[in-house]
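>>> how would this look folded up:
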Amino acid sequence: MKFCVIRFLILVSAFALSCVISVVTPKFSFVSSVHSEEKKTEKKYKDVQTRKRESVGAKCAKALEKIQVTLEEELWAESLKALQDVEASSKTCKSDYEQTQIWQFSAYVYFSLDDFPNAIKAYRKVVEGIGTPPEVRLDVRYTLAQLYAAEEDYKNAAFQLEAWLAEATIIGADQRYFMAQIYYQLERKADALIAVEMAITDQESKGILPKERFWGLQRVLYYEKSDYPTVIKILEKLVKHYPKWTYWKQLGGMYGEREREMDRLVSTELIYLNDQLNKESEVMSMAYMYLGAEVPYRAAKIIDKGMQDGYVERSSKNLEVLGTAWYQARDLDSAVSALEAASERADTGNLQARLAGIYLDLGRDKDAYRAATRASKKGGVKRPDTNYLVMGNALVNLNCFNDAISAFKKSLKNAKDKKAMKYPRQWIKFSESEGSRLQKLRNVGLKIRGCEKA
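Modelled structure (predicted):
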């Protein structure tokens, strides 16, 4: 993750440093910010022993005044050349303090040119310079930390920021959060968590709502520790104070991790009702939740709408789930429609076998027989014994007892245990008995319908 260094803040920081030149008055639009920063610095150091304030000589001041004019006009190349000439001169800005001012202006120019490596070099000279006032050195350390972070040099960013933290008298929540980000990049997760929680505590203790990104980083750190209960608590705060559907989705996922299925279902339903589920995986996941909660009708309606809206593909698998949902909801006609469409796309006869059972429940015996026959020919049926049992039952209802006996014998042959053998044996006996009984009635002249499977 590359840090976003806010140009305005660094520009203010850069010119806050240059304001110690008493003879140079910046004329930029953020002068008021500079003055407030100067007052803040003075307050920060009000208890420090009084020392002589450094100043720039007349010759050096005159040179810097000319350079500031080109800076105001954003003539960066010209400003940089002038600064390099002044720095090379042994007569213009020769004191340690004056050299510090040159480096500050140079750093500002390099930053304005997006040349962060050279800006860093210039600021390092300020930090290491003999003539740099302590308060300036402190502020530059923080700017250096920002620049190193922008260059993804997190080790040096941490070094400068830790040095700043050790000396600073006022440390805000944003600075703590910045430190947490750097620690995170350095895989110092424990330190990152301490820093971000200090930032959150700082704001909460003042009655201020913690910033969204603070809780965001805290959530990531606890998630990586697999501390899901704490992640849930953080997400519950986020959906309350910074409501976003991404947080609701994450919260639903976390509820699922903790097997809080009803909470998961409620949060997902909220997202769905606001039209925020627009991916097949999301819609189907919600349908499965309702199936698990034994609300198949709602599951079927969700899948059906997803297909109509184009979010859910009318694949064999999805249509099978839809058919299953309708079947469990006892809407057999809708179940048949979905499973018929699914079977057309299926590679095995398993769906035809399921259809045969539904047709039998609906009294559509010919369709049940034909579906069971197609399932047998296509193969891949999970329970062939059950398929033949359904086929046999359909044939019994069609008065095709000899064919039924043949189907029941195949069911018996494919049965894997004694329990599975019980029913085909019973049906074989029934078919033999009933077939014989009806034939006797025909023999004495009664009109009994024959086999109607054709």
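>>> switch to C-alpha atoms for all contacts and neighbour counts from now on
Fine.
>>> Can you name every helix or strand that the longest helix seen in the chain contacts?
Taking DSSP state H as the criterion, the chain has its longest helix at helix 418-443. Packing contacts for helix 418-443, counted by 3 or more C-alpha pairs under 8 Å, 6 or more residues apart in numbering; DSSP states H and E, involve helix 384-397, helix 401-414.
>>> Which stretch among these is buried most, on average?
Sort the helices and strands packed on helix 418-443 by mean neighbour count, taking mean count of other C-alpha atoms under 10 Å, and helix 384-397 sits at the top with a mean of 26.
>>> relative orientation of that one and helix 418-443 in degrees?
Taking axes from the mean of the first three to the mean of the last three C-alpha atoms, to 10 degrees, one finds that helix 384-397 is oriented at 20 degrees with respect to helix 418-443.
>>> what helices or strands is helix 384-397 leaning on?
helix 350-361, helix 365-378, helix 401-414, helix 418-443.
>>> Specify the stretch among those helices that is closest to Y123.
Nearest to Y123 among those is helix 350-361; the distance by C-alpha to C-alpha comes to 72.9 Å.
>>> in that closest one, what's buried?
Buried residues in helix 350-361, counted by 16 or more other C-alpha atoms under 10 Å: N350, L351, Q352, A353, R354, L355, A356, G357, I358, Y359, L360.
>>> Likewise for stretch 61-68?
So for stretch 61-68, counting by 16+ other C-alpha under 10 Å, buried means A61, L64, I67, Q68.
>>> swap in stretch 123-138?
Going by 16+ other C-alpha under 10 Å, stretch 123-138 has these buried residues: Y123, R124, K125, V126, V127, G129, G131, T132, P133, V136, R137, L138.
>>> where does the stretch 51-200 of the chain dip in pLDDT?
Residues of the stretch 51-200 of the chain that meet the criterion pLDDT under 70 lie in 51-54, 90.
>>> My error: substitute the stretch 301-450 of the chain in the last question.
In the predicted model of the stretch 301-450 of the chain, no residue satisfies pLDDT under 70.
>>> if we go to 90?
Along the stretch 301-450 of the chain, segments meeting pLDDT under 90 span 344-348, 378-380, 418-420, 439-450.
>>> Show me the helices in the stretch 151-300 of the chain, by range?
Using DSSP state H, counting those that start in this stretch, the helices assigned to the stretch 151-300 of the chain run over residues 154-167, 173-185, 189-205, 212-224, 228-241, 245-257, 261-273, 280-292, 296-309.
>>> can you pull the buried residues of the third one?
Right, helix 189-205. K189, D191, A192, L193, A195, V196, E197, M198, A199, I200, D202, Q203.
>>> surely the fourth one meets Q218?
Okay, so that is L193. Yes: judged on C-alpha atoms under 8 Å, L193 makes contact with Q218 at a distance of 6.5 Å.
>>> how far is the longest helix of the chain from where the chain is centred?
Centre-to-centre, helix 418-443 and its host chain are 61 Å apart (C-alpha atoms, centre = their mean, to the nearest Å).
>>> How much space separates A63 from V86?
A63 is 8 Å from V86, where distance means C-alpha to C-alpha, to the nearest Å.
>>> re earlier: turn the helices and strands packed on helix 418-443 into JSON lines, columns for distance to I303.
Shown next, in JSON lines, are those (distance: least, C-alpha to C-alpha, whole Å):
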{"stretch": "helix 384-397", "distance to I303": "28"}
{"stretch": "helix 401-414", "distance to I303": "35"}
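>>> who touches stretch 235-244?
Residues outside stretch 235-244 that contact it (C-alpha atoms under 8 Å, 6 or more residues apart in numbering): E212, W215, R219, Y247, W248, Q250, L251.
>>> chain center to that stretch: distance?
With C-alpha atoms, centre = their mean, you get 14 Å for stretch 235-244.
>>> Next: stretch 91-100.
54 Å.
>>> ditto for stretch 87-100
Distance, centroid of stretch 87-100 to centroid of chain: 54 Å (C-alpha atoms, centre = their mean).
>>> Tell me the one of the buried residues of helix 350-361 nearest N318?
Nearest to N318 among these is L351, at 12.4 Å by C-alpha to C-alpha.
>>> okay, the angle between the strand or helix carrying D139 and helix 154-167?
Assessed by DSSP states H and E, D139 sits inside helix 134-150. Here helix 134-150 runs at an angle of 150 degrees relative to helix 154-167 (the same axes, to 10 degrees).
>>> Name the nearest residue to A375, sequence neighbours excluded.
G349 (4.0 Å; C-alpha to C-alpha, 6 or more residues apart in numbering).
>>> Please save the CA atoms from the helix or strand hosting Q101 in CSV.
Per DSSP H and E, Q101 falls inside helix 96-112. Backbone C-alpha positions of helix 96-112 (Å, rounded to 0.1, in the frame of the first residue of the first chain) are rendered in CSV as follows:
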residue,chain,number,x,y,z
ASP,A,96,25.4,27.1,9.5
TYR,A,97,22.0,28.6,10.1
GLU,A,98,21.9,30.3,6.6
GLN,A,99,22.8,26.9,5.0
THR,A,100,19.8,25.4,6.8
GLN,A,101,17.6,27.9,5.0
ILE,A,102,19.0,27.0,1.6
TRP,A,103,18.3,23.3,2.2
GLN,A,104,14.7,24.0,3.3
PHE,A,105,14.0,26.0,0.2
SER,A,106,15.7,23.4,-2.0
ALA,A,107,13.6,20.6,-0.4
TYR,A,108,10.5,22.6,-1.1
VAL,A,109,11.4,23.0,-4.8
TYR,A,110,12.2,19.3,-5.2
PHE,A,111,8.9,18.4,-3.6
SER,A,112,7.1,20.8,-6.0
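>>> how far does it sit from the chain's center?
Taking mean C-alpha positions (C-alpha atoms, centre = their mean), helix 96-112 and its chain are 43 Å apart.
>>> tell me which residues in that helix are buried?
Quick answer for helix 96-112 (16+ other C-alpha under 10 Å): 97-112.
>>> and of the helices and strands packed on helix 384-397, who's closest to G57?
Per C-alpha to C-alpha, nearest to G57 of these: helix 350-361, 93.5 Å.
>>> Need the contact partners of the closest one.
Residues outside helix 350-361 that contact it (C-alpha under 8 Å, 6+ apart) are 320, 332, 336, 339-340, 342-343, 365, 367-372, 374-376, 379-382, 387, 390-391, 394.
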